[in-house]
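>>> I would like the atomic coordinates for the input below:
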Amino acid sequence: MRARTLAVATAVALAVAGLAAPAAVGTPAVLTYDFNGDGYRDLAIGTPKASGGTVTVVFGSASGVSPARSVSVTQDTPGVPGVSESVDRFGENVTSGDVNSDGYADLIVGAPGEEVTGKPRGSVTIIWGGAKPFTSGGMSLTAPTAEASGFGEGAAFADLDGDGAENLVVVGDDTFWWYGDGKPTQDGALAPEVDFLPPGVRLDGVVAGRFSATDGNDFVVHGRIDDASGTTSTAYLGLLRGGPGDIGLSYSVLAAGNTPGGTVFSAAVAGGDINGDGYDDLVTGNTGAGKGGSFTVRYGTSTGLPVTGTTYTQASAGVPGTDEPYDNFGAAVAVGDATGDARADVAVGAPYETVDGVRNVGNIVLLKGSWNGISTSGAQSFHQATPGVPGAAEAGDHFGSSVRLRDINRNGKADLAVGAYGEDVLPGGYDDGAAWVLRGSTAGLTSTSATAFNATDFGYPVVDGRRFADTFGR
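Below you'll find the predicted structure:
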């Protein structure tokens, strides 16, 4: 499919410059992903495989998002530390938080492939938000020790120790680091008092949430664990409890091996309060469980997350679709309140789903939260053949390869961003990538006023293998 182009000539020039953005009005509010302080969450799109990596921020508004209100940032953007290099993977993961306490959310970008002279690979770049975001520079953190390779595979910004101040948390291949209150410094990385990761673990990411009754946030780490020979790796998932005391002392393994509740996909881990009990719940996708994949929900409790959760496939009653081999149902998951009923809903991507006889088109499914947890009543399914969704269902698009649920237009209902890394923008291209936004409503997601855009809408040339929107800000 060739996604609808929404570029505006003036916006293209601004986006390429990476500097212009709408100014905030009034007093700035500290809201995650509100980089310009206008009270709307913004959409951060990571494209780590494009010439070292790019992060594109599309600013939220009452009317949604448009490339006409956007900024694209690379390590070649003036004021951004570093230099774009093909192996950097800048934008592999993206998060946000008010790191410098100025009242604006800042952009936190992982580049786990960054090559730093004399140091192991990996960096985390923090780019300052503001009334004109990303124009006042930023800072870069690199691996604190020689053992911390892959630094920046995952990052989170949340209160770890329960003192009310948020902390930057960064994971590397087999390391977990956190920084004290205030703006982090290169020599300010702290290791847990207890070395809780077993040998052979290689982490791909970290998700923060209030999964238990501890003061502060808990952190779910996820990745792979090698067998004793080092030749085979399987899923690994663990819960680090936050709060005062020795960090790392309260840790539990949730999955290690080929179990339905594990995952090896960094886009397939998300948290949110699905049943409205005040504890965040954990959703993980596993494309290898069932014929065509699955996802598992673990409900948070006062004591944390259980090892065993509830697993759903497309053969589960009420779940749209058919459980078929190679659908990759569960390759990406997101949790957010699309209906505005104070209970989070779950979006699940199946990027290899066959649609109308065409293979690997991809689709997404939305399952709604309730006081009893996940409900399959009123579940929804969307793909590029759904009326109102821009584009056409074509083989190899992989719609649903990335997903994110956040309220962009401030109507109290989360909007769904969907990536399709295999979208071909021009004839003869491959894996150019594109993104869609479906709005939330009281009834769930709607394709009314759905939008789509790709790299050309932001002034970038079509490059085979770019995979625009490979990731979204968590």
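
>>> now Trp177. Nearest residue, chain neighbours left out?
For Trp177, ignoring the flanking residues on the chain, the nearest one in space by Cβ to Cβ, 6 or more residues apart in numbering is Ala189 at 4.5 Å. Placement of C-beta: from N, CA and C, glycine included.

>>> next one: phi and psi at that neighbour?
Backbone torsions for Ala189, taken as degrees, to the nearest 10, come to phi -70, psi 140.

>>> can you pull the contacts of the closest residue to Ala414 other than its chain neighbours?
Leaving aside its chain neighbours, Ala414 sits nearest to Gly336 (3.5 Å; criterion: Cβ to Cβ, 6+ apart). When contacts are counted by Cβ atoms under 8 Å, 6 or more residues apart in numbering, Gly336 touches Gly272, Ala344, Asp345, Ala347, Arg404, Leu405, Arg406, Asp407, Ala414, Leu416.

>>> and Gly336, how close does it get to Ala392?
27 Å (Cβ to Cβ, to the nearest Å).

>>> am I right that Thr313 is in contact with Gly290?
Yes. Applying Cβ atoms under 8 Å, one finds Thr313 in contact with Gly290, separated by 3.8 Å.

>>> need the overlap of contacts for these two.
Asp323, Phe329.

>>> could you pull out the strands in the stretch 351-474 of the chain for me?
363-368, 375-382, 399-406, 415-420, 434-441, 444-453, 471-472 (DSSP state E, counting those that start in this stretch).

>>> packing partners of the fifth one?
When contacts are defined as 3 or more Cβ pairs under 8 Å, 6 or more residues apart in numbering; DSSP states H and E, strand 434-441 packs onto strand 415-420, strand 444-453.

>>> out of these, which is the most enclosed?
Most buried of the helices and strands packed on strand 434-441, by mean neighbour count (mean count of other Cβ atoms under 10 Å): strand 415-420, with a mean of 29.

>>> what angle do strand 363-368 and that one make with each other?
160 degrees (axes from the mean of the first three to the mean of the last three Cα atoms, to 10 degrees).

>>> and strand 415-420, which strands flank it?
strand 399-406 (antiparallel), strand 434-441 (antiparallel) (DSSP bridges).

>>> hang on, the earlier thing: looking at the helices and strands packed on strand 434-441, which is closest to Thr175?
strand 415-420 (28.3 Å; Cβ to Cβ).

>>> what mean pLDDT does stretch 122-132 have?
Throughout stretch 122-132, pLDDT has a mean value of 97.

>>> about what we covered before: which of the contacts of Gly336 are buried? Put it as a PyMOL command.
The following PyMOL line selects those of those that are buried, judged by 16 or more other Cβ atoms under 10 Å:
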select buried, resi 272+344+345+347+404+405+406+407+414+416
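
>>> got the contacts of Gly336 as a markdown table, with pLDDT columns?
Formatted as a markdown table, these follow (pLDDT from 0 to 100):
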| residue | pLDDT |
| --- | --- |
| Gly272 | 98 |
| Ala344 | 99 |
| Asp345 | 99 |
| Ala347 | 99 |
| Arg404 | 98 |
| Leu405 | 99 |
| Arg406 | 98 |
| Asp407 | 98 |
| Ala414 | 99 |
| Leu416 | 99 |
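
>>> please identify which of the contacts of Gly336 is nearest to Val124.
Nearest to Val124 among the contacts of Gly336, with distances taken as Cβ to Cβ, is Arg404, at 19.8 Å.

>>> partners of the closest one in the sheet?
As assigned using DSSP bridges, the partners bridged with Arg404 are Ala417.

>>> quick check: it vs Gly261, distance?
Taking Cβ to Cβ, one finds Arg404 at 22 Å from Gly261.

>>> again with Arg474
20 Å.

>>> likewise for Tyr251?
Distance from Tyr251 to Gly261, by Cβ to Cβ: 17 Å.

>>> who's more crowded, the two?
Applying other Cβ atoms under 10 Å to Tyr251 and Gly261 shows that Gly261 carries more neighbours, namely 24 against 20.

>>> wait, the more buried one touches Leu305, no?
No. Checked against Cβ under 8 Å, the pair Gly261 and Leu305 is beyond contact range at 9.9 Å.

>>> what touches both of the two?
Residues touching both Gly261 and Leu305 (Cβ under 8 Å, 6+ apart) are Leu254, Arg298.

>>> which residue ranges form the strands in the stretch 51-200 of the chain?
Under DSSP E, counting those that start in this stretch, the stretch 51-200 of the chain gives strands at 54-58, 70-73, 93-97, 106-111, 123-127, 138-142, 154-158, 167-171, 176-179, 189-190.

>>> sheet-wise, list the partners of the helix or strand following the shortest one with their directions.
Tracing the chain C-terminally past strand 189-190 and defining elements by DSSP states H and E, one meets strand 201-209 next. Strand pairing for strand 201-209, using DSSP bridges, gives strand 218-226 (antiparallel).

>>> tell me the angle the partner strand makes with strand 154-158.
170 degrees.

>>> buried stuff in strand 218-226?
Buried-residue list, strand 218-226, by 16+ other Cβ under 10 Å: Asp218, Phe219, Val220, Val221, His222, Gly223, Arg224, Ile225.

>>> just put the residues you listed in JSON lines and tack on pLDDT.
Rendered in JSON lines, the data for the buried residues of strand 218-226 read as follows (pLDDT from 0 to 100):
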{"residue": "Asp218", "pLDDT": "97"}
{"residue": "Phe219", "pLDDT": "97"}
{"residue": "Val220", "pLDDT": "98"}
{"residue": "Val221", "pLDDT": "97"}
{"residue": "His222", "pLDDT": "97"}
{"residue": "Gly223", "pLDDT": "96"}
{"residue": "Arg224", "pLDDT": "94"}
{"residue": "Ile225", "pLDDT": "94"}
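
>>> quick one: stretch 67-75 to chain centroid distance?
Distance of stretch 67-75 from the chain centroid (Cα atoms, centre = their mean, to the nearest Å) equals 18 Å.

>>> hmm, I was thinking of stretch 115-123
Using Cα atoms, centre = their mean, the offset of stretch 115-123 from its chain centre is 24 Å.

>>> could you list the residues in contact with it?
Residues contacting stretch 115-123 (Cβ under 8 Å, 6+ apart): 82, 85, 87-88, 110-114, 140-143, 146-153, 172.

>>> could you tell me the end-to-end distance of that stretch?
8 Å (Cα to Cα, to the nearest Å).

>>> any buried residues in that stretch, and which?
For stretch 115-123, the neighbour count (16+ other Cβ under 10 Å) marks Lys119, Pro120, Arg121, Gly122, Ser123 as buried.
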